[in-house]
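A.B. asks: let's see this in three dimensions:
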Amino acid sequence: QVQLVESGGGLVQPGGSLRLSCAASGFTLNYVAVGWFRQAPGKEREGVSCISRGDDSTSYTDSVKGRFTISRDNAKNTVYLQMNSLKPEDTAVYYCATVRRCGAQVVYWGQGTQVTVSS
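C.D. replies: Numbering: from 1, shown residues only. Sure thing, here's the model as predicted:
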């Protein structure tokens, strides 16, 4: 059974850091492109970052460039999103998903993890 499970969300103060994990079961993550998305209350879901298959090239939405880093650990079959210098506007439910390629349609979604940035 194909499954993506996110973890690592929580409550953090502005300026703080969190690392989200996206663990896969039922398939091998290093053969696919993986994206992180987020949805804030009352807003549409948006793409945050993506890591391509093969060359592991990465991309980020402008609002997180220089603060977030996406990476993968093939041995752990896990993709990470390191989030630094967090801002209140980063508050959202974060989802990982496999995608056909970065910028293309989603194939599988995870269940999401809540990130709240507040003092």
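A.B. asks: lowest-pLDDT helix or strand in this structure?
C.D. replies: Least confident element among the helices and strands of the chain, by mean pLDDT, DSSP states H and E: strand 106-109 (a mean of 93).
A.B. asks: dump that strand to CSV, keeping only the CA atoms.
C.D. replies: Presented in CSV, the C-alpha positions along strand 106-109 are these (Å, rounded to 0.1, in the frame of the first residue of the first chain):
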residue,chain,number,x,y,z
VAL,A,106,0.2,15.4,-7.8
VAL,A,107,0.1,11.6,-7.7
TYR,A,108,-0.2,10.8,-4.0
TRP,A,109,-0.8,13.1,-1.0
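A.B. asks: go through it and flag the buried ones.
C.D. replies: residue 108 (16 or more other C-beta atoms under 10 Å). All C-beta spots, glycine's among them, are computed from the backbone N, C-alpha and C.
A.B. asks: and the next element down the chain from that strand?
C.D. replies: strand 113-117 (DSSP states H and E).
A.B. asks: what helix or strand is the residue most central in space within the chain located in?
C.D. replies: Residue closest to the mean C-alpha point of the chain, counted by C-alpha atoms, centre = their mean, is residue 36 at 2.9 Å. Here residue 36, judged by DSSP H and E, is contained in strand 33-39.
A.B. asks: wait, isn't residue 113 in contact with residue 8?
C.D. replies: Yes. At 6.4 Å, residue 113 and residue 8 qualify as touching, with contact defined as C-beta atoms under 8 Å.
A.B. asks: looking at these two, which is more packed in?
C.D. replies: In this view residue 113 and residue 8 are compared by other C-beta atoms under 10 Å, and residue 113 has more residues nearby, 22 against 16.
A.B. asks: picking that back up, by contact count, what packs against the strand holding residue 36?
C.D. replies: strand 18-25, strand 46-51, strand 68-73, strand 78-83, strand 92-99 (3 or more C-beta pairs under 8 Å, 6 or more residues apart in numbering; DSSP states H and E).
A.B. asks: change it to 6 Å
C.D. replies: Helices and strands touching strand 33-39, by 3 or more C-beta pairs under 6 Å, 6 or more residues apart in numbering; DSSP states H and E, are strand 46-51, strand 92-99.
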